[in-house]
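Visitor: here is my input, please return the structure:
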Amino acid sequence: VQLQASGGGLVQAGDSLRLSCVASGRTFSNYAIGWFRQAPGKEREFVAGIYWNGRIALYADSVKGRFTISRDIAKSTLYLQMNSLKPEDTAVYHCASDRVLNTTTPLYWGQGTQVTVSS
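Guide: Have a look, this model is predicted:
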């Protein structure tokens, strides 16, 4: 599985941003894919995840109600719609995939995209 994330940028608090992750290679419908982030000096954390077949979606408590994960199977693309962004959302965001919805150490990782939220 190869993953390519994009869509990051510099925004102000309260703004919205949408991240995309294009998957190629093995993208079985029963695989899961999700978003993780890592801020400077902090550990990597799970943000949101979903199965390609849409069976289950999970969110970190810190983003519930603000972020929405979705996927376009025809385009093999995962999205993360981020609304009401806060400075604490500043991080490098990575997409990752595995056979199950793995919220800690998925097997496949893509390069990250930087999201910076100014106050």
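Visitor: which of the helices or strands spans the most centrally placed residue in the chain?
Guide: Most central in the chain under CA atoms, centre = their mean is Trp35, positioned 2.4 Å from the mean C-alpha point. Per DSSP states H and E: Trp35 is located in strand 32-38.
Visitor: do you know the pLDDT at the residue nearest to the centre of the chain?
Guide: In this model, Trp35 is scored at 98, pLDDT.
Visitor: give the closest residue to it in space, chain neighbours not counted.
Guide: Excluding its sequence neighbours, the residue lying closest to Trp35 (CB to CB, 6 or more residues apart in numbering) is Val47, at 4.2 Å. Where you see a C-beta, it was placed from the backbone N, CA and C, and this is true even at glycine.
Visitor: quick one: the one you found is in a helix?
Guide: No - applying DSSP: H, G, I helix; E, B strand; the rest coil, one finds Val47 to be strand, outside a helix.
Visitor: show me where the chain has its strands.
Guide: Listed in chain order, the strands of the chain (DSSP state E) span 2-6, 9-12, 17-24, 32-38, 45-51, 57-59, 67-72, 77-82, 91-98, 108-109, 113-118.
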